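Trainee: Show me how the following folds:
(chains A, B and C)
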Amino acid sequence: MPKRLIAILALLVFLIGCSAGPREHKEKAINLPDPSQADLEGRLVLGLGGGVSVLNPILSTDTTSSAVEGTIFSGMTKVNEKLEIVPDLAKSWEVSPDGKTWTFALRRDVTWHDGHPFTAEDVVFTFNSILNPKINSVRRSDYIIDGEPIKFKALDKYTVQAVLPKPFAPFLVRSGMSIIPKHILSDKDINRAQFNRKPIGTGPFKFSKWVSGDHIKVVRNDDYYLGKPMLAEIIFKVIPDENARLVALEAGEIDEAGIPPKDYKRMKALDGINVFEFDALTYAYLGFNLANPKFADKRVRQALAYAINKDQLVKIIFKGLASPAYAPSAPVSWAYSDEVAKYPYDPDKARGLLKEAGVDKLEFTMLVNQGNKEREKAAIILQQQLKKVGVKAKIRVMEWSALLKIVNDPTPPKDFEAVVLGWSLGLDPDSFSIWHSSQYPRGFNFIDYDNPEVDRLLVLGRTTMDKNERKKIYAKIYKLVAFDQPYIFLWYPKAVVGVSERVGGLSKPGPAGLFLNIHKVFVTP
Amino acid sequence: MRKFVFRRLLQLIPLLIGVSLITFFVMHLAPGDPTALIADPSIDPVDLARIRANWGLDQPLIVQYFYWLGNVLRGDLGTSYLSGQPVLFEILERLPATLLLMIPSFIITLLITIPLGVLSAVRKNSFFDNIVTVLSFIGMATPSFWLGMMLMLLFAVDLGWLPAVGMTDPLLSGGWFVHMMDVIRHMILPLTTMTILSLAGITRYQRAAMLEVLDQDFIRVARAKGLPERVVVFKHALRNALIPIVTIMGLSLPALFGGAFIIETIFAWPGMGRLGVIAIFQRNYPLIMGIMLFSAILIMLGNLLADIGYALVDPRIRYGKK
Amino acid sequence: MAKNKLAIFGLSVLAFFVLVAIFAPVIAPYNPDEIVAQETLPPSFEHPFGTDDLGRDIFSRAVFGARISLTVGMVAVSISILIGTLLGAIAGYFGGLTDGFIMRFVDVMLCFPSIFLILAIQAMLTPNIYNVMIVIGVTSWMGVARLVRGEYLKIRELPYVEAAKAIGCSSPRVIFRHILPNAQAPIIVAATLGMAGAILTESALSFLGMGVQPPTPSWGNMLMDAQAYLRDAPWMAVIPGLLILLTVLSLYFVGDGLREALNPRTAK
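Mentor: Numbers count the residues shown, from 1 in each chain, chains lettered A, B, ... in the order given. Below is the predicted model of the structure:
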């Protein structure tokens, strides 16, 4: 009886399997509409992966909120397709020869969405609010250098001056912070203001409607200083599940969605949808707690690096839509260098090195945060690969906040052996907080990496202003770090995005996204 | 009667304090706190510590609890951490969507289960009864999220008849009728999932209650008097068999709420349940406390209504002294 | 009589699953955690249930998953029966203030939508298989407590209990030696149905990512993995779901059968 049951079950499954048999997919070319076809009454619908919590750029901490804020607010500077910093609310700026005084000349033709003129006072108000410890902005430390805050001053109605306590190259990127209106917020409790739900900005779109958990609507700002936007409206629709977003894209309910690797081929062949793939500014890694004697010997870490087949990892998890990583940077960063030790897959060498280091039995536990499918899968594959060289790795999946509590524990020893994580990189290559020995145990150097030469170079890198000089410095840092293998670098992911063929005016695909010039984006009827 | 209601309302107060105590300490013993969720490499831990303090999380637990309780007694459920909005506002904003699923599901369940349960009991051990029994067991044994997934797979992914997730299509333009039809289309899958799950259990109860009544003396008497079976069943038996159902309905409220948490998560329904699940993941304490308290109050009121209904329906029960 | 057939059907299915769980290493053709083939292969002779998103054999995972799901169900229900019986017995036997206090506590616990409470507690603990059992156990004992209290209220008035007290038996002795055996029947039924509930809850928790953690296979977390592959690999979702359904259904059949068999009023 039970046997027959199994047989019936198997048959059932077999039938289901057959109905979803393999399909052939033919890749098709990108097909973008011409601006002359633009529908000036057109609406763009974008999918959001999570609910938006707050629409105030100095308070928000999640990427979904930032995505919406990007259409409503603008900052003094912004980033272009080549990841360069270019003018936005500021027309130009200059730096004093000592690298400490930065002066920004602002545009004079900008008004807030309520018609009030935009001035230097707004800029100073924004940065001073961020620096106010009572205001829950996570950006405060960005404007504090070695314990001293940057001083912002309005020299006149349209000139802002920032005085830094020390030369600090990453400041340029941070000058792009979105500006909030002083005339509305100066007498309010910013943490709780109604404004955070009904924002007013200087950007190309005006806030219109927010249906909690469902969608947010923004409408064209006719007075936008860079020209009238081509879209009449943008609707951000909340669809938490990645696969559901994809279904919605195919059904024409939304115009853009990220594409999981498993669907890449199919989507690439689909009519009506353009698929773009580009490098992202992130990398994933397996980090070792160097304070633990198991990993103190460099040879052990190098052996483990030899034992890991990054190509298999990338193939199974990403179907090739990622590349193996070797350095703590990303290929799209201007500072990237791959002149580093790569430790190609070689199980024999791994076993040899382990023996040389006097380790005949290695067992450890890898932490991985729950909910990140890619990392969970990676942990499982790593476990299998390490088993082949006789290393027993256990996996412990933990909730994000519990994992962070262990990793950020300010009182060593930190209770972990290894951890699978990833960093998203800023536009500036400064990685002081990740690698400098002063950033342990408080800070992001939670693995206790300590290399005096790297420390020296990190300080030099953030105080040097010349880009070419800096590039050389960071290449050296990457080489030293990769040799030490405090992390085994795993992969550089690619972002794969599908956009409906009715959408035009996209920027060149890159880590900054496709909607960089959102006021030039249009849809056809 | 008024006295009875008043006494029952008074009894709710210690219950609510119990509920709030449990919720509060369960949440605050959890490792990590809301600031842990805003971790990204460009954010300095120093900022997080400062924000923790701004939120009052550096105070001793007991102080935090009484501070919270004091505010609640003044009608202030606190401020949601990440959005800075009043908790009550965030809950009330999401409540209609949840009720939009729960109330129709409740009504449809009753419309189906009562006749089904009665027929099943009247024709005890018939083929019909057996089919209903097996089907309702299957209904009870089906994991809610799996049922949701399967329905989505069939009707949204494969057939493409219904939208898979969400509550509205924001692109839609037209009058209120168009929008209403749109919401109804979005409702079908979550509502079906929710209803199928509660159908089974209540049918079983209705059948059992009916069986018990049919077994009682006054029914035998009615039959002996030669009344037609239809009159016996629907006039005499059913009225009495509805009494326990009133209780069951009250008691199934927590399950209905619980179901809403899962179903709203699967179908991305913008209701209170999904808000609650996200709040738990984010450790958004004030919001979690608010939702717990809110659902506990709704459940208690549901039970109270059931009790009152019970008192009204059943002449045998009298509360308090006359 | 149909009832009996259902109960026997349920019992055989359960016995079968228990055997599968015990002999999992013998039955499973592959190591459940090992990548043995291409990803998402449809069912075939080598892989009767197909392979999953990492290229693991779903049949082997389902077989080992039976172990996890059944164990979680059994342990969780034991915890809830233990707590429920203890509190219910104390409340019912002593009555008065003790009873009032315990039953108010039961009322409080019943005010929470249970899945919400479970999620909240689970967030407090690290999600792993042991905590899943504990959490389900400590949040599902209230029904048992009410039931046992009712039985004790009835039984404590019986002459033989009076007699036991009269000859000087200690309270614990009366509670556990004298009354408990006579309150067994409803507890056994509650345990069977409770196990069904526990298995369902485990699957829901694992599905939300708060339950049994990978790579350990449980039917619930296999479903979680399947969610992303509904279109491409529907077998990943269909199989574990059917297994849960079948197990829980069998438990209901058995529980219902037991209820009829143990209830003096309905037994012929």
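
Trainee: going forward, measure contacts between C-alpha atoms and count neighbours the same way
Mentor: OK.

Trainee: which sections of the stretch 1-150 of chain C are below the confidence cut-off?
Mentor: The stretch 1-150 of chain C contains residues with pLDDT under 70 at C:1-3.

Trainee: Where do the helices of it begin and end?
Mentor: For the stretch 1-150 of chain C, the helices defined by DSSP state H, counting those that start in this stretch cover C:2-22, C:24-27, C:58-94, C:96-110, C:114-124, C:129-138, C:142-155.

Trainee: again, but for the stretch 51-200 of chain A
Mentor: A:63-72, A:120-131, A:171-174, A:182-185.

Trainee: Looking at those, spot the one closest to residue B:59.
Mentor: Closest of the helices of the stretch 51-200 of chain A to residue B:59 is helix A:120-131, at 23.4 Å (criterion: Cα to Cα).

Trainee: got a list of what residue 68 touches?
Mentor: Using chain A. Contacts here follow Cα atoms under 8 Å, 6 or more residues apart in numbering or on different chains; on that basis residue A:68 touches A:55, A:236.

Trainee: actually chain C
Mentor: Applying Cα under 8 Å, 6+ apart, the residues near residue C:68 are C:217-218.

Trainee: by contact count, what packs against the host helix or strand of residue A:433?
Mentor: Per DSSP states H and E: residue A:433 is located in helix A:432-435. With contacts taken as 3 or more Cα pairs under 8 Å, 6 or more residues apart in numbering or on different chains; DSSP states H and E, helix A:432-435 sits against helix A:452-463.

Trainee: Could you tell me how many residues sit around the residue nearest to residue A:319 when sequence neighbours are not counted?
Mentor: Spatial nearest neighbour of residue A:319, chain neighbours left out: residue A:261 (5.9 Å); criterion: Cα to Cα, 6 or more residues apart in numbering or on different chains. Neighbour count of residue A:261, defined by other Cα atoms under 10 Å in any protein chain shown: 20.

Trainee: shaky segments in the stretch 151-300 of chain B?
Mentor: B:244, B:251.

Trainee: Bridged to the most centrally placed residue in chain A, which residues?
Mentor: Against the mean C-alpha coordinate of chain A, by Cα atoms, centre = their mean, the closest residue is residue A:424 at 4.4 Å. Listed by DSSP bridges, the beta-bridge partners for residue A:424 are residue A:282.

Trainee: Point out the residues in the stretch 251-400 of chain A that sit beside chain B.
Mentor: Contact residues, the stretch 251-400 of chain A versus chain B (Cα under 8 Å from any Cα of the partner chain): A:253, A:400.

Trainee: And the strands in the stretch 251-400 of chain A?
Mentor: Using DSSP state E, counting those that start in this stretch, the strands of the stretch 251-400 of chain A run over A:256-258, A:273-279, A:282-288, A:322-324, A:362-369, A:391-398.

Trainee: Tell me the spatial nearest neighbour of residue A:387, not counting adjacent residues.
Mentor: Nearest to residue A:387 is residue A:393, by Cα to Cα, 6+ apart, at 7.4 Å.

Trainee: quick one: the residue nearest to the centre of chain A from residue A:431, how far?
Mentor: 11 Å (Cα to Cα, to the nearest Å).

Trainee: Kindly report the same for residue B:138.
Mentor: Applying Cα to Cα to residue B:138 and residue A:431 gives a distance of 57 Å.

Trainee: and residue B:160, that one's in a strand?
Mentor: No - assessed with DSSP: H, G, I helix; E, B strand; the rest coil, residue B:160 is coil; it does not lie in a strand.

Trainee: got the angle between the helix or strand harbouring residue B:276 and helix C:114-124?
Mentor: For residue B:276, the host element (DSSP H and E) is helix B:272-282. Helix B:272-282 and helix C:114-124 are oriented at 10 degrees to each other (axes from the mean of the first three to the mean of the last three Cα atoms, to 10 degrees).

Trainee: near chain C, anything from the following helix or strand past helix B:272-282?
Mentor: The helix or strand immediately downstream of helix B:272-282 is helix B:285-313, counting by DSSP H and E. Yes - contact of helix B:285-313 with chain C (Cα under 8 Å from any Cα) involves B:292, B:295-297, B:299-300.

Trainee: How far off centre is the biggest helix by length in chain B?
Mentor: Assignment by DSSP state H gives helix B:176-214 as the longest helix of chain B. Counting by Cα atoms, centre = their mean, to the nearest Å, helix B:176-214 is centred 13 Å from the centre of its parent chain.

Trainee: just checking, what packs against it?
Mentor: By 3+ Cα pairs under 8 Å, 6+ apart, helix B:176-214 packs against helix B:87-122, helix B:127-141, helix B:144-151, helix B:238-251, helix B:253-266.

Trainee: Just the CA coordinates for the fourth one, please, in CSV.
Mentor: As requested, the backbone C-alpha atoms of helix B:238-251 are provided in CSV (Å, rounded to 0.1, in the frame of the first residue of the first chain):
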residue,chain,number,x,y,z
LEU,B,238,-30.5,24.1,14.4
ARG,B,239,-31.3,26.9,16.8
ASN,B,240,-29.8,25.1,19.6
ALA,B,241,-26.8,23.9,17.6
LEU,B,242,-25.9,27.4,16.8
ILE,B,243,-25.1,28.2,20.4
PRO,B,244,-21.7,26.6,20.6
ILE,B,245,-20.9,28.0,17.1
VAL,B,246,-21.1,31.5,18.6
THR,B,247,-18.3,30.5,21.0
ILE,B,248,-16.3,28.8,18.4
MET,B,249,-16.5,31.9,16.2
GLY,B,250,-15.2,34.0,19.1
LEU,B,251,-12.4,31.5,19.8
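
Trainee: Tell me who's in contact with the residue positioned nearest the centre of chain C.
Mentor: Centroid-nearest residue in chain C: residue C:195, 2.3 Å away (criterion: Cα atoms, centre = their mean). If you count contacts by Cα under 8 Å, 6+ apart, residue C:195 has them with C:73-74, C:76-77, C:251.

Trainee: Adding neighbour count and distance to residue A:412, write these out as TSV.
Mentor: Formatted as TSV, the contacts of residue C:195 follow (neighbours: other Cα atoms under 10 Å in any protein chain shown; distance: Cα to Cα, whole Å):
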residue	neighbour count	distance to residue A:412
C:73	25	39
C:74	20	40
C:76	30	36
C:77	29	40
C:251	26	49
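
Trainee: Would you check which pair of those lies furthest apart?
Mentor: Among the contacts of residue C:195, C:76 and C:251 lie farthest apart (Cα to Cα), at 14.8 Å.

Trainee: quick one: contacts for the residue nearest in space to the middle of chain B?
Mentor: Nearest residue to the geometric centre of chain B (Cα atoms, centre = their mean): residue B:257, 2.3 Å. Applying Cα under 8 Å, 6+ apart to residue B:257 gives the contacts B:273, B:295, C:113.

Trainee: my guess is the last one meets residue B:295, correct?
Mentor: Yes - with contact taken as Cα atoms under 8 Å, residue C:113 and residue B:295 are classed as touching, separated by 7.4 Å.

Trainee: Please say which of these two ends up with more neighbours.
Mentor: Using other Cα under 10 Å, the more surrounded residue of residue C:113 and residue B:295 is residue C:113, with 23 against 20.

Trainee: Need phi/psi at that one.
Mentor: The phi and psi values for residue C:113, taken as degrees, to the nearest 10, are phi -60, psi 120.

Trainee: so how far is residue B:18 from it?
Mentor: 15 Å.

Trainee: Closest to residue B:123 out of the contacts of residue B:257?
Mentor: residue C:113 (35.2 Å).

Trainee: wait, what's in contact with that closest one?
Mentor: B:254-255, B:257-258, B:295-296.

Trainee: how about the residues of chain C near chain A?
Mentor: Going by Cα under 8 Å from any Cα, the residues of chain C near chain A are C:13, C:16, C:33-35, C:39, C:42-44, C:48-49, C:54, C:123, C:126-127, C:209, C:213-215, C:228, C:231-235, C:238-239.

Trainee: Pull out the buried positions in stretch A:39-48.
Mentor: Across stretch A:39-48, burial judged by 16 or more other Cα atoms under 10 Å in any protein chain shown covers A:39, A:42-48.

Trainee: cool, stretch A:246-266 as well?
Mentor: A:246-250, A:253-262, A:264-265.

Trainee: That stretch: how far from the chain's middle?
Mentor: 21 Å.
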